[in-house]
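>>> Build me a structure from this.
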Amino acid sequence: VRSTLYRTNSFHTQPGERSKSSPSSSASASGTSQLSGGDQGKLRETKSSGDNDSSNKLLELAMVISGPALAHVLADENLTARFLRLGQQCKVVIACRVSPLQKAKVVRLVRYHVSPTPVTLAIGDGANDVSMIQEAHVGVGISGKEGLQ
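So this is what the prediction gives:
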């Protein structure tokens, strides 16, 4: 099971890698880094190193989760709640290679478990998107090559 949390504040950042564009983002081997909740779509990273140098930085996050990882998350109520809380802290959540049922479950999860209640929008271009589109408050079906097959 694999999902990845990306820091979106730097073009050069890869999963688990510190930003190369900011000198304050490097920490010593003995340093620690802690994330705490902040504004929606942002987390505050507090770093402290062995030489009493500490900094606070507001991070923008994105999450990428695969279909098999999402299946594991949706099968466990505790993991589903944690996934939703983490997703709310991200600017964007990308689910790739997910089934039509998983698409609908994610829309339902956001629609009924986020407070204040958001207006959900689902956009799809094929028959596999119908359940997701029907689950959302607003559904848009795009007619295209795949949608005509």
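>>> got the residue ranges for the helices in this structure?
Ranges of helices within the chain are 67-74, 77-88, 100-113, 130-135, based on DSSP state H.
>>> what would those look like in TSV with mean pLDDT, distance to residue 120 and mean neighbour count?
Just so you know, the C-beta spots here come from the backbone N, C-alpha and C atoms, and that holds for glycine as well. Shown next, in TSV, are the helices of the chain (pLDDT from 0 to 100; distance: least, CB to CB, whole Å; neighbours: other CB atoms under 10 Å):
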stretch	mean pLDDT	distance to residue 120	mean neighbour count
helix 67-74	96	17	18
helix 77-88	95	13	14
helix 100-113	96	5	18
helix 130-135	96	8	18
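>>> Arrange the ones you listed in TSV, one row each, with distance to residue 94 as further columns.
What follows is the helices of the chain, written out as TSV (distance: least, CB to CB, whole Å):
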stretch	distance to residue 94
helix 67-74	11
helix 77-88	11
helix 100-113	11
helix 130-135	15
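>>> so which of the ones you listed comes closest to residue 123?
Checking the helices of the chain against residue 123 by CB to CB gives helix 130-135 as the closest, at 7.7 Å.
>>> one step back: out of the helices of the chain, which comes closest to residue 60?
So among the helices of the chain, helix 77-88 is nearest, using CB to CB, at 13.5 Å.
>>> elements contacting the closest one?
Counting by 3 or more CB pairs under 8 Å, 6 or more residues apart in numbering; DSSP states H and E, the packing neighbours recorded for helix 77-88 are strand 54-66, helix 67-74, helix 100-113.
>>> Now with 7 Å, please.
Helix 77-88 sits against helix 67-74, helix 100-113, with contacts defined as 3 or more CB pairs under 7 Å, 6 or more residues apart in numbering; DSSP states H and E.
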